[in-house]
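Q: here is my input, please return the structure:
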Amino acid sequence: MGIPLASNGFLTQFCTVQITHHFRTARMKRIALHLLPCILLGACLTSPKDCEANPSNPATETFATSLGVDLNAMQKTALGDYTQDLVVGTGDVLSTLQIVTIHYSAFLTNGTLIDQVTDQPFPIDLSSRATIGLADGMLGMNVGGKRRIVVPSELGLGACPNGAIPGNSTLIYEVELLSISG
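A: As a prediction, the model looks like this:
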């Protein structure tokens, strides 16, 4: 992740002021100013913590009854998502990954709501801003439709924890396709 403040120069400016204040001799200032970029670069180049990959398998998991997930009633995509149309839309078919506007809710298998946008249209570019599983699971939807999508961790957020979402988590989306902007 690096140093978030380094991009706008705040950290560099702060360090330069501190160096100028604390190092009175020109030689000490030069040494400190030459070390500063090395320290900042080192902070940016540190590798992220490796996370133990133990991919989830929706077929072996138990889902909270409130989610209404029945994998036997769902279709499995070629990539490994499970989809179920809750409402079949009557509008255009989403046939390629492009910018769409949706309402959605996302849950963990235990029923915990982890994200939701249902009060206003949410535009998203499925080709670059969505998880692979969400994008794959939405293909074939009609505008006006609502679909439940079960996404294994490999096609979702992966092995590393993401905030309150544990690593290797299966995600369940309920998505309503409002429009296709493509």
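
Q: which helix or strand in this protein has the lowest average pLDDT?
A: Within the chain, no helix or strand scores below helix 10-22, which has a mean of 46 by mean pLDDT, DSSP states H and E.

Q: in its sheet, what does the longest strand anywhere in the chain sit against?
A: With secondary structure taken from DSSP state E, the chain has its longest strand at strand 113-125. Sheet pairing of strand 113-125 (DSSP bridges) gives strand 99-108 (antiparallel).

Q: which residues touch the closest residue in space to Leu134 that isn't next to it in sequence?
A: Among residues not flanking Leu134 along the chain, Tyr173 sits closest, at 5.8 Å (Cβ to Cβ, 6 or more residues apart in numbering). In short, each C-beta sits where N, CA and C put it, glycine included. Counting by Cβ atoms under 8 Å, 6 or more residues apart in numbering, Tyr173 touches Tyr104, Ser105, Ala106, Phe107, Leu134, Gly137, Arg147, Arg148, Ile149, Val151.

Q: and the gap between Gly144 and Gln98?
A: Going from Gly144 to Gln98 by Cβ to Cβ, to the nearest Å gives 17 Å.

Q: rewinding a little: buried residues in the longest strand of the chain, which are they?
A: Buried residues in strand 113-125, counted by 16 or more other Cβ atoms under 10 Å: Ile114, Phe122, Ile124.

Q: try stretch 172-179
A: Across stretch 172-179, burial judged by 16+ other Cβ under 10 Å covers Ile172, Tyr173, Glu174, Val175, Glu176, Leu177, Leu178.

Q: I'd assumed the second one was in a helix, is it?
A: It stands for Tyr173. No: read with DSSP: H, G, I helix; E, B strand; the rest coil, Tyr173 is strand and lies in no helix.

Q: that one pairs with what?
A: Beta-bridge partners, per DSSP bridges, of Tyr173: Ala106, Ile149.

Q: pretty sure Leu71 sits against Gln84.
A: No: using Cβ atoms under 8 Å, Leu71 makes no contact with Gln84, being 9.1 Å away.

Q: between the contacts of Tyr173, which sits nearest Lys76?
A: Ranked by distance to Lys76 (Cβ to Cβ), the contacts of Tyr173 are led by Gly137 at 10.4 Å.

Q: more neighbours: which of Leu71 and Gln84?
A: Gln84 (18 against 14; other Cβ atoms under 10 Å).

Q: OK, contacts around the more buried one?
A: Asp70, Ala73, Met74, Gln75, Arg147, Arg148 are the contacts of Gln84 under Cβ under 8 Å, 6+ apart.

Q: what of Met141?
A: Going by Cβ under 8 Å, 6+ apart, the list of residues near Met141 reads Asp85, Gly89, Val93, Leu94, Arg147, Val175, Leu177.
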